[in-house]
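> Below are the sequence and a predicted model; questions follow.
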Amino acid sequence: MQAVTKGDRRKELDVLLGQIQAHPERDWSSARRRIATLNKLITGKPAPAKTH
């Protein structure tokens, strides 16, 4: 099993952003959640705490 690198995450992010740009008419809710997760993993910043 290979470790996932920041480069791998950036590639995945680029692919998702390209797909969204190519087909903005689709529902990209799950992809947008994944993009948010990838951004957090790439930057190393923790997610802000949720308040109700």
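Arrived safely, thanks for sending.
> Centre-most residue in this structure?
residue 35 (1.8 Å; Cα atoms, centre = their mean).
> from what I can see it touches residue 18, true?
No - in this structure, residue 35 is not within contact of residue 18 by Cβ atoms under 8 Å, at 11.5 Å. Backbone N, C-alpha and C define where each C-beta goes, glycine included.
> thinking again about what came up before, how close does the residue lying closest to the residue nearest to the centre of the chain once chain neighbours are set aside sit to residue 40?
Excluding its sequence neighbours, the residue lying closest to residue 35 (Cβ to Cβ, 6 or more residues apart in numbering) is residue 16, at 5.5 Å. Relative to residue 40, residue 16 is positioned 14 Å away (Cβ to Cβ, to the nearest Å).
> When these two are compared, which one has more neighbours?
More crowded of residue 16 and residue 40, by other Cβ atoms under 10 Å: residue 16, with 17 against 14.
> For the longest helix anywhere in the chain, what is the distance to the chain centroid?
Longest helix of the chain, by residue count under DSSP state H: helix 6-22. Offset of helix 6-22 from its chain centre (Cα atoms, centre = their mean, to the nearest Å): 7 Å.
> For it, list every residue counted as buried.
Within helix 6-22, the residues that count as buried by 16 or more other Cβ atoms under 10 Å are 9, 12, 13, 16.
> Packing partners of it?
helix 29-43 (3 or more Cβ pairs under 8 Å, 6 or more residues apart in numbering; DSSP states H and E).
> What angle do helix 6-22 and the helix it packs on make with each other?
150 degrees (axes from the mean of the first three to the mean of the last three Cα atoms, to 10 degrees).
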